[in-house]
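Peer 1: pasted the sequence and its predicted model underneath.
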Amino acid sequence: MKFVGLAGLGLLLGTFALASPATAARAPEVVAMKPEAVAMKAEAIVRAPGGLNVRSGAATDRPILGTVDNGSKVRVVCQVWGQQVKGSRRTAALWDRLDWGHGHVADGFLEWPTGRPALPWCGDPPVDETSSAVDITSGRLNVRSGPGTKHSTVGSLGDAAGVRVECRRWGSTVDGNAVWDQIGPGRFVADKYVRWSPAKPRYPWCGQAPATVPAATKDAFFARVAGPAQASARKWKVPASVTIAQAVLESGWGRSTLTRVDHSYFGMKCFGGPGPIAVGCSTYVTQECANGKCGSTRASFRAYRAMGDSFDDHGRQLATLARYETAMKYAADPERFAREIHKAGYATSPTYANNLIDLIRRYDLTEYDRQS
C-alpha cells in the first residue's frame, strides 16, 4: 500500500458530506423509490418554526445562503446524501437542493403533500438533477437479485430504459467495473451499463451511515477517535497513539470528503478491491510523492459503512501484512513503530514519520496507549 498523509492528500471538500457524531454509526435504510417517473422540481412545504436555513451543502456546518419561512412552499430539483438531521417531519440523511442558488435544506423539515417523490441525485454544482439509463449496444440488460452475475435474474431492461438508482454495492466484476446499482428491493444492474446525464453524481453505498461533520475542536476530534483507536490496539496490537496521529494526518482532522462521506480516516487505497471490511471503492483526487516530487492524481480509496470499520481495517492491515512485520515488533515503542511503518512503505511523503512523531509528542497521544 502507498499512502500519503492528508496534510498532502488534498481530498476534495465537496457538498456531499455530512452527520452528527451521535448518529454517524447508524446506517438507516436508503429510501426506496419507485423506478418510474423521477420527479423534477417537486413542491414541498417548510415545517420549521422560526424558518429553515438554506445551506451551501448537505450539512449544518455549511454556510447559510438564506432562510425560508415556516409554511412557505419550495421547489426541489434533486437530492444529496448528507448529514442525518432530526426534523419536524422525519429523521433523514437526505438533503434537498432548491431551484435557486444551488441551496440545500434538510429533508426532515419538509412536508410533501402527496408523499415524497422519487427525486434524482444531484451532481456537483453547477450540475443539479441527474438522470440514469441503461446503456447497451444490443440485447437486454439482466436485472439480478444481488450484486453479481451469480445471482438469479429477476427481470431485464432494454437500451435507454430509465433506472432509478438508490445506492450501490460492490460485487462481481463486469468488464473492469465491480459496482452494481440497486434500482429497487432485490434488484441490481451492473453499473458498467448505466449511463448518467449530464454527469455522474456521488450516491451512497448501500447500508452506509450518513455523512459526518468534522469535530468542532481538536479535543473533540481526539474524543471521537480514541475509542476506535484503542479497540484496534486491543485487537491488532497497533499503538493507539500512532493510529490517532495517522487519523489526524490522513483525514485532515476529519475534514476530508473521503472521511466525511466514506468514513475513511486513513486514506487506504483499493488495489483490485476493497478487501473484507470496506464496502466499496470510491475515486478521489489526491497528492502522491515520488522521486522527490509531489503532484495531483486520481486514486481509488476504500469506503466504509461507518468510522469503526475504517479503524478495524487499518489495524488489520498493519498487523497482518508481511511488510509491517518489523514494525509490529515495536508496538510498545510508538515512535519507533511510526518510523518502521514509514520505512516499510506506508506513505509516500518523505516527512511522514516525523509528522506522526510530532503529533504524538505535541498532543501527548501516548496517554491513549496507557489507557488501552
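Peer 2: Received the coordinates, thanks. Residues are numbered from 1 along each chain as shown.
Peer 1: show the average pLDDT along the strand ranked longest in the chain.
Peer 2: In the chain, with assignment by DSSP state E, the single longest strand is strand 73-86. Here strand 73-86 scores 98 as its mean pLDDT.
Peer 1: show me where the stretch 101-250 of the chain has its strands.
Peer 2: All strands of the stretch 101-250 of the chain, identified by DSSP state E, counting those that start in this stretch, fall at 104-106, 110-111, 131-134, 141-144, 153-157, 167-174, 177-184, 187-190, 194-197.
Peer 1: domain ranges for this protein?
Peer 2: 6-14+209-371, 42-122, 132-197 (automatic domain parsing).
Peer 1: ok so, going back, can you name the next helix or strand after the longest strand of the chain?
Peer 2: Next helix or strand after strand 73-86 toward the C-terminus (DSSP states H and E): strand 91-98.
Peer 1: picking up where we left off before, how far away from the center of its chain is the longest strand of the chain?
Peer 2: Relative to its parent chain, strand 73-86 has a centroid offset of 17 Å by CA atoms, centre = their mean, to the nearest Å.
Peer 1: ditto for stretch 222-242
Peer 2: That offset, for stretch 222-242, works out to 21 Å (CA atoms, centre = their mean).
Peer 1: what's next to it, contact-wise?
Peer 2: 21, 215, 243-244, 247, 254, 265, 307-308, 310-312, 314-316, 318-319, 328, 331-332, 334, 337-338, 341, 356, 360, 363, 365-369, 371-372 (CB atoms under 8 Å, 6 or more residues apart in numbering). No exception for glycine: its C-beta is placed from N, CA and C like everyone else's.
Peer 1: which among the residues you listed end up buried?
Peer 2: Buried members of the contacts of stretch 222-242, scored by 16 or more other CB atoms under 10 Å, are 21, 215, 243-244, 247, 254, 265, 307-308, 310-312, 314-316, 318-319, 328, 331, 334, 337-338, 341, 356, 360, 363, 365-366, 368-369, 372.
Peer 1: so which of the contacts of stretch 222-242 are in helices?
Peer 2: Counted as lying in helices by DSSP state H, out of those, are 243-244, 247, 307-308, 310-312, 314-316, 318-319, 328, 334, 337-338, 341, 356, 360, 366-369, 371.
Peer 1: Y203 is nearest to which of the domains of the chain?
Peer 2: Closest approach to Y203 among the domains of the chain (CB to CB): domain 42-122, 4.9 Å.
Peer 1: now the end-to-end length of the closest one.
Peer 2: This stretch, domain 42-122, spans 14 Å end to end (CA to CA, to the nearest Å).
Peer 1: now it, how far from the chain's geometric center?
Peer 2: Centre-to-centre, domain 42-122 and its host chain are 21 Å apart (CA atoms, centre = their mean).
Peer 1: check the chain for its longest helix and report it.
Peer 2: For the chain, the helix that runs over the most residues, judged by DSSP H, is helix 218-236.
Peer 1: give me the buried positions along that helix.
Peer 2: Buried-residue list, helix 218-236, by 16+ other CB under 10 Å: 221-222, 224-226, 228-233, 236.
Peer 1: so where's this structure uncertain?
Peer 2: Residue ranges of the chain with pLDDT under 70: 1-40.
Peer 1: if I look at the spatially most central residue of it, how far off is A209?
Peer 2: When CA atoms, centre = their mean is applied to the chain, the residue found nearest the centroid is D262 (1.9 Å). Applying CB to CB, to the nearest Å, the value for D262 to A209 is 10 Å.
Peer 1: repeat that for F311.
Peer 2: Relative to A209, and taking CB to CB, F311 is found at 14 Å.
Peer 1: what do you get for S145?
Peer 2: Relative to A209, S145 is positioned 25 Å away (CB to CB).
Peer 1: try V77
Peer 2: With distances taken as CB to CB, V77 is found 26 Å from A209.
Peer 1: who has more neighbours out of the two?
Peer 2: Higher neighbour count among V77 and A209: A209, with 23 against 19, using other CB atoms under 10 Å.
Peer 1: any idea which helix or strand carries R298?
Peer 2: Counting by DSSP H and E, R298 is found in strand 293-303.
Peer 1: in the sheet, who's paired with K86?
Peer 2: The partner list for K86 in beta bridges (DSSP bridges) reads T91.
Peer 1: so it touches G108, yeah?
Peer 2: Yes - contact criterion CB atoms under 8 Å: K86 and G108 qualify, at 6.3 Å.
Peer 1: between these two, which is the more surrounded one?
Peer 2: G108 (20 against 13).
Peer 1: next one: the more buried one from R90, what distance?
Peer 2: Counting by CB to CB, the gap from G108 to R90 is 5 Å.
Peer 1: tabulate the strands of the stretch 101-250 of the chain (TSV), appending mean neighbour count and distance to T60.
Peer 2: Output for these, formatted as TSV (neighbours: other CB atoms under 10 Å; distance: least, CB to CB, whole Å):
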stretch	mean neighbour count	distance to T60
strand 104-106	27	8
strand 110-111	20	16
strand 131-134	18	29
strand 141-144	20	38
strand 153-157	14	39
strand 167-174	18	23
strand 177-184	21	28
strand 187-190	22	33
strand 194-197	17	28
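Peer 1: those: which one's closest to T283?
Peer 2: Closest of the strands of the stretch 101-250 of the chain to T283 is strand 177-184, at 10.8 Å (criterion: CB to CB).
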